[in-house]
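>>> model this:
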Amino acid sequence: MRVFYSYSHEDESLRNELENHLSSLKLSGVISEWHDRKILAGDNFDRTISNYLNAAEVILFLVSSDFLASGYIRDVEVKRAMERHQSGDARVIPVILRPVDLHGVPFEKLLRLPKDGLPITEWENRDTAFMNVAQGVRAVAQQMSRANVQPSAKGSADVGLSTTTDRVSAASGRALEFLLEPRLLDRGVAEEIPVGEAREVLAMIRRPNSPGLAETIRKEEETTLAHTRKGSYTVREADVRSVPFTVPFAASGGTFGTESLKVKVQLQAPGLEVSESAIAVKIPRSGDTAVLSFLVRSRDTGAQTLKVRVVCDDEEIVSSLLRTKFVRHGGPGPSSPGMSVERDDSGWEVVVLAESELFITVTAKKSMTAAN
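Model (predicted):
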């Protein structure tokens with residue numbers, strides 16, 4: 001059962017205490033919780049709150065003078081929560097944190113927690129007050145479970161679920177439900193790539209609690225690929241960057257399936273040779289995608305910006321920029337990459353080492369062919 005906290009940030013420390021007292025309900029899988037501190041960077045603040053508020057079965061009003069004074073809480077959260085409470089889609093539970101006058105508020109007639117509506121800060125033992133609230137939330141959850149009022153389409157206790165939203169099919173008039181789940185796009189490219197050589201750009205779509213691409217690279221470096229990756233121009237753990245987004249999984253007929261979402265991951269690299277411009281991939285409901293590999297190559301030196309996009313039904317879900325630099329490279333010795341033997345205008349053979357764009361003379365000798 002999903003629980004939504006509606007509260008003022010002035011009461012964040014009290015909300016944290018309540019979360020701790022609800023830990024046994026979370027660990028036993030009775031509830032999963034959400035509040036606005038879980039919004040990820042890049043998410044739309046208003047839309048994310050609305051989505052979670054519309055998905056919750058239990059909505060906790062953490063009431064104080066600051067709660068009532070907040071225009072956003074009053075006009076957005078309380079208004080929508082009471083609409084869902086009155087329609088039977090959710091249960092609103094006022095939890096009185098600090099003394100406040102509740103005359104005339106929309107939830108004035110609702111039974112409050114803790115016992116007798118005594119504010120938590122007024123209890124002689126605050127832990128006892130929070131325990132009383134936790135027991136009240138447990139009783140509500142058990143009652144709702146027995147009454148089977150929790151819709152089967154929302155029955156998963158997966159704390160990774162983001163929200164559900166309803167859409168109406170124009171053809172059938174039947175409501176289709178969509179589950180939005182948080183994901184992260186991991187992607188990485190080496191800081192430098194040798195000119196003329198193909199190197200990988202890696203990407204992966206993962207759940208927020210997964211170690212993701214960086215961990216995959218770390219394990220590869222520690223095992224079979226250690227001898228080939230060491231000291232080479234390849235993606236390292238430190239090169240991986242992540243960007244958050246959400247993806248929709250469709251459902252109909254009252255239940256959410258386990259089908260994957262089909263998307264394309266694209267690499268756009270103007271002026272570069274790219275092995276594939278797009279790779280079709282399925283995002284599994286319960287896990288990560290495989291690691292995707294693009295090969296890029298350039299004939300010229302210099303900085304380059306790459307764009308990684310995730311596209312679904314020709315609509316971009318998320319995109320991100322990566323930056324790298326193409327350089328000439330090499331080292332001493334006749335077999336070193338980047339080293340060449342050239343002949344100057346006077347007939348001398350010159351062994352040169354290409355380092356960045358500067359040609360450095362290593363040694364020179366008169367060409368026997370030229371002398372003859």
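>>> how about residue 15: what's its closest non-neighbour residue?
residue 7 (5.1 Å; Cβ to Cβ, 6 or more residues apart in numbering). Every residue, glycine included, has its C-beta placed from N, CA and C.
>>> identify the residues contacting that neighbour.
Counting by Cβ atoms under 8 Å, 6 or more residues apart in numbering, residue 7 makes contact with 15, 35, 60-62, 67, 73.
>>> where does the prediction get shaky in the stretch 251-372 of the chain?
Residue ranges of the stretch 251-372 of the chain with pLDDT under 70: 251-259, 330-372.
>>> if we can go back for a sec, which of the contacts of residue 7 tops the neighbour count?
Counting neighbours by other Cβ atoms under 10 Å, residue 61 leads the contacts of residue 7 with 28 neighbours.
>>> just checking, that residue touches residue 95?
Yes. Using Cβ atoms under 8 Å, residue 61 is in contact with residue 95, at 6.6 Å.
>>> which residue ranges of the stretch 101-250 of the chain form strands?
163-168, 175-189, 192-194, 199-206, 241-251 (DSSP state E, counting those that start in this stretch).
>>> which other residues reach the third one?
Outside strand 192-194, the residues within contact range by Cβ under 8 Å, 6+ apart are 199, 233, 296, 298, 324-329, 337-338.
>>> which one of these is nearest to residue 208?
When these are compared for distance to residue 208 (Cβ to Cβ), residue 324 comes out closest, at 26.5 Å.
>>> and the closest one, what is it in contact with?
So residue 324 contacts 189-193, 303-304, 306 (Cβ under 8 Å, 6+ apart).
>>> identify the bridge partners of the closest residue to it other than its chain neighbours.
With Cβ to Cβ, 6+ apart as the measure, residue 189 is the residue that lies nearest to residue 324, at 4.8 Å, once sequence neighbours are left out. Residue 189 forms beta bridges with residue 201, as assigned by DSSP bridges.
>>> what's the answer for residue 2, then?
For residue 2, the beta-bridge partners are residue 32 (DSSP bridges).
>>> max-length helix in this structure?
Longest helix of the chain, by residue count under DSSP state H: helix 126-147.
>>> tell me how far that one lies from the chain's centre.
For helix 126-147, the distance from its own C-alpha centre to the chain's C-alpha centre is 31 Å (Cα atoms, centre = their mean, to the nearest Å).
>>> same check, this time on stretch 310-330
Stretch 310-330 sits 17 Å away from the centroid of its parent chain (Cα atoms, centre = their mean).
>>> please save the CA atoms from it in CSV.
Output of stretch 310-330 as CSV, limited to C-alpha atoms (Å, rounded to 0.1, in the frame of the first residue of the first chain):
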residue,chain,number,x,y,z
VAL,A,310,16.3,7.4,-25.5
VAL,A,311,13.3,7.4,-27.9
CYS,A,312,9.9,5.7,-27.6
ASP,A,313,7.4,5.8,-30.4
ASP,A,314,9.4,8.6,-32.1
GLU,A,315,9.2,10.7,-29.0
GLU,A,316,12.3,11.5,-27.0
ILE,A,317,12.1,10.4,-23.4
VAL,A,318,15.5,11.7,-22.2
SER,A,319,18.8,12.8,-23.7
SER,A,320,22.2,13.7,-22.5
LEU,A,321,25.5,15.1,-23.8
LEU,A,322,28.9,13.5,-23.5
ARG,A,323,32.2,15.2,-24.3
THR,A,324,35.5,13.6,-25.5
LYS,A,325,38.7,14.6,-27.4
PHE,A,326,40.3,12.9,-30.3
VAL,A,327,44.1,13.0,-30.1
ARG,A,328,47.1,11.5,-31.8
HIS,A,329,49.0,9.1,-29.6
GLY,A,330,52.1,6.9,-29.5
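>>> for residue 108, grab the count of nearby residues.
The number of residues packed near residue 108 is 10, by other Cβ under 10 Å.
>>> tell me the pLDDT of the nearest residue to it once chain neighbours are set aside.
Nearest residue to residue 108, sequence neighbours excluded (Cβ to Cβ, 6+ apart): residue 102, at 5.5 Å. As predicted, residue 102 sits at a pLDDT of 93.
>>> neighbours of residue 102, how many?
Residues lying near residue 102 (other Cβ under 10 Å) number 15.
>>> just residue 135 next, same as before
14.
>>> so who does residue 59 touch?
Residues near residue 59 by Cβ under 8 Å, 6+ apart: 3-4, 6, 53, 81, 84-85, 90-93.
>>> which of those residues sits closest to residue 209?
Comparing the contacts of residue 59 against residue 209 with Cβ to Cβ places residue 3 closest, at 18.9 Å.
>>> how many neighbouring residues does that closest one have?
24.
>>> tell me the contacts of it?
22, 31-34, 56-60, 137.
>>> mind checking how far residue 111 is from residue 68?
According to Cβ to Cβ, to the nearest Å, residue 111 and residue 68 sit 18 Å apart.
>>> look at these two and report which has more neighbours.
Higher neighbour count among residue 111 and residue 68: residue 68, with 16 against 10, using other Cβ under 10 Å.
>>> returning to that earlier point: can I get the longest helix of the chain as CSV, trimmed to CA atoms?
Output of helix 126-147 as CSV, limited to C-alpha atoms (Å, rounded to 0.1, in the frame of the first residue of the first chain):
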residue,chain,number,x,y,z
ARG,A,126,7.2,11.6,21.9
ASP,A,127,8.1,8.0,20.9
THR,A,128,4.8,6.8,22.4
ALA,A,129,2.9,9.4,20.3
PHE,A,130,4.6,8.2,17.1
MET,A,131,4.0,4.5,18.0
ASN,A,132,0.3,5.4,18.4
VAL,A,133,0.3,6.9,14.9
ALA,A,134,2.1,3.8,13.5
GLN,A,135,-0.5,1.5,15.1
GLY,A,136,-3.3,3.6,13.6
VAL,A,137,-1.7,3.4,10.1
ARG,A,138,-1.3,-0.3,10.4
ALA,A,139,-4.9,-0.7,11.4
VAL,A,140,-6.1,1.3,8.4
ALA,A,141,-3.8,-0.8,6.1
GLN,A,142,-5.2,-4.0,7.4
GLN,A,143,-8.8,-2.8,7.1
MET,A,144,-8.3,-1.7,3.5
SER,A,145,-6.6,-5.0,2.7
ARG,A,146,-9.4,-7.1,4.1
ALA,A,147,-12.0,-5.0,2.3
